[in-house]
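Participant: sequence plus predicted model, see below.
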Amino acid sequence: MTTPSFRDVEKLSTFLDGHLSQAENTRLEARIRSDPSVAAALADLRQARAILRRTPKRHVPRNFTLTPHMAGIRPPVPRLVPALSWASAMAMVLFVVTLGTNLLGQLSFGAAAPMLSAAPMTNENFGVGSGPAGTQAPAADNTQVTPTAEAYIMTAPEATAPGVTRLLPPAAVSAEKAAPEPVNIWLYIWLGLAVILIAAALLIRQASLQAFRRKVGGKHNP
Amino acid sequence: MDETALIRNAQHGDLDAFNTLVLAYQDIVYNMALRILGDEDLAADASQEAFISAFRAINSYRGGSFRAWLFRTVTNACYDELRRIKRRPTTPLEPETEDGDEVESPRWLADPNASPENQLDQAELEHAIQHCLENLPTDFRAVVVLADIQGLDYAEVAVAVKKPLGTIKSRLARARLRLRECLQAFRELLPAAFRLEEERDL
């Protein structure tokens, strides 16, 4: 009787599970019959396996089913949504471009206005100065090359009563005329388009999300 | 619907089909994780992670034993948990008394459906097995849990732990030997159950 080697134990373990070849099986069975230590080792292994097979089974504490979120499933995005979003963005860009162009136009117009008004203004001043309204006007013309409305009135305070409208400088008159100029209609068009398109994209996205939730929500919510 | 069809549908992104598989396998997956990790909460976390990983990698399943393929993800999830515990040890896996001693027959191990006597036997047996399993190196533990507790054959165990058959045979033999030695200490507690089972097997 000899103590079985680990190789013997390994063979016995495999034999126990029925995974030895026919020839190895026959040889090992002969050894088990003849050698009590080999038979005892086999009994030990069988007992260990028998105990393990009796391990109590536990019930799951909860279901492990996956929610779409756990599974990394995102709700589908309708193809129209990115298209509408892009279109909205483009409309917004056009709005900004139009607005910028308008502002630039106004700025350049505003800057050019005093220059343009300078010449006729002096003529008018001369005209006013030579008129019955004021005797100090020519003196003022000598000191101020481009008079503002205030300066003009200050230089001719006596003219405030009856002929005030006629005494306003041409620059002020042109500013009055420019203010009520109609805003570029494209500004409204681009802005309106951008808002409508993004609202449509959001509505479609929301509807698609709700449809997705209806489809999967009931089944996977715990 | 049969398992093959469910797997095929799951591979096409059908979450319902996959969840049907989850319901079919969750008991054995959880029990395997529990035996490897020895803690209910960790086992539940590992099981959930394993199913999430399995769904994400379902297209890597190319036929053969689905159970073995699934157990590979469970084994990996358990190893991840063990690594995490090693990095950040938190609470002890066994309940302790006020003096800090380990509770021999913890109540939390008991099956509430069993009779009081049977409950005690079951709890003692489970505690003994768990204690001995935890004394094994992780690789040996995984092999013996898969082969002897979950009942996988050698080829399935080889797939599940990604090792050749020879390694599986060797690890299983060593694990059985060591478990046998360890369980000897509990023989006094569970003689009847052990002998009855042995007689039946013989």
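Facilitator: That came through, no problem.

Participant: okay, now the nearest residue to residue A:60 once chain neighbours are set aside: neighbour count?
Facilitator: Among residues not flanking residue A:60 along the chain, residue B:30 sits closest, at 4.7 Å (CB to CB, 6 or more residues apart in numbering or on different chains). Every residue, glycine included, has its C-beta placed from N, CA and C. Residue B:30 has 25 neighbouring residues, counting by other CB atoms under 10 Å in any protein chain shown.

Participant: and the pLDDT for residue B:30?
Facilitator: Residue-level confidence at residue B:30 comes out at 97, pLDDT.

Participant: what's the pLDDT at residue A:104?
Facilitator: 85.

Participant: show me the contacts for it.
Facilitator: Neighbour list for residue A:104: empty [criterion: CB atoms under 8 Å, 6 or more residues apart in numbering or on different chains].

Participant: which SSE is it in?
Facilitator: helix A:80-130 (DSSP states H and E).

Participant: centre-most residue in chain B?
Facilitator: residue B:32 (1.9 Å; CA atoms, centre = their mean).

Participant: for that one, pull up the helix or strand it's in.
Facilitator: Short version, using DSSP H and E: residue B:32 is in helix B:15-37.

Participant: which helix or strand lies directly C-terminal to that helix?
Facilitator: By DSSP H and E, the next helix or strand past helix B:15-37 is helix B:40-56.

Participant: could you pull out the helices for the chain?
Facilitator: All of this is about chain A. Assigned by DSSP state H, chain A shows helices spanning A:6-16, A:22-34, A:36-53, A:80-130, A:137-143, A:149-155, A:164-167, A:170-178, A:185-220.

Participant: was after chain B, sorry
Facilitator: B:3-11, B:15-37, B:40-56, B:66-87, B:116-134, B:138-144, B:154-161, B:165-184, B:191-201.

Participant: residues from chain A in reach of chain B?
Facilitator: Residues of chain A that fall close to chain B, judged by CB under 8 Å from any CB of the partner chain: A:6, A:9-10, A:12-14, A:17, A:19, A:43-66, A:68, A:70-73, A:216, A:219-220.

Participant: show me which of the residues you listed are buried.
Facilitator: Listed as buried from the residues of chain A next to chain B are A:9-10, A:12-14, A:19, A:43-52, A:54-56, A:58, A:60, A:64-66, A:68, A:70-71, A:73, A:216, A:220; burial here means 16 or more other CB atoms under 10 Å in any protein chain shown.

Participant: that older thread, now the helices of chain B as CSV including distance to residue A:94?
Facilitator: Output for the helices of chain B, formatted as CSV (distance: least, CB to CB, whole Å):
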stretch, distance to residue A:94
helix B:3-11, 46
helix B:15-37, 43
helix B:40-56, 43
helix B:66-87, 53
helix B:116-134, 70
helix B:138-144, 64
helix B:154-161, 61
helix B:165-184, 69
helix B:191-201, 83
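
Participant: nearest to residue A:206, of these?
Facilitator: Distance to residue A:206, taken as CB to CB, is lowest for helix B:15-37 among the helices of chain B, at 22.4 Å.

Participant: which strands and helices sit next to the closest one?
Facilitator: In this structure, helix B:15-37 packs against helix A:185-220, helix B:3-11, helix B:40-56, helix B:66-87, helix B:116-134, helix B:138-144, with contacts taken as 3 or more CB pairs under 8 Å, 6 or more residues apart in numbering or on different chains; DSSP states H and E.

Participant: just put those in JSON lines and tack on mean pLDDT.
Facilitator: Shown next, in JSON lines, are the helices and strands packed on helix B:15-37 (pLDDT from 0 to 100):
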{"stretch": "helix A:185-220", "mean pLDDT": "82"}
{"stretch": "helix B:3-11", "mean pLDDT": "94"}
{"stretch": "helix B:40-56", "mean pLDDT": "95"}
{"stretch": "helix B:66-87", "mean pLDDT": "93"}
{"stretch": "helix B:116-134", "mean pLDDT": "80"}
{"stretch": "helix B:138-144", "mean pLDDT": "94"}
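
Participant: how about the ones you listed in a markdown table, adding distance to residue A:107?
Facilitator: Below are the helices and strands packed on helix B:15-37 laid out as a markdown table (distance: least, CB to CB, whole Å):
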| stretch | distance to residue A:107 |
| --- | --- |
| helix A:185-220 | 16 |
| helix B:3-11 | 64 |
| helix B:40-56 | 58 |
| helix B:66-87 | 64 |
| helix B:116-134 | 81 |
| helix B:138-144 | 76 |
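
Participant: which one, of those, ends up nearest to residue A:39?
Facilitator: helix B:138-144 (22.4 Å).
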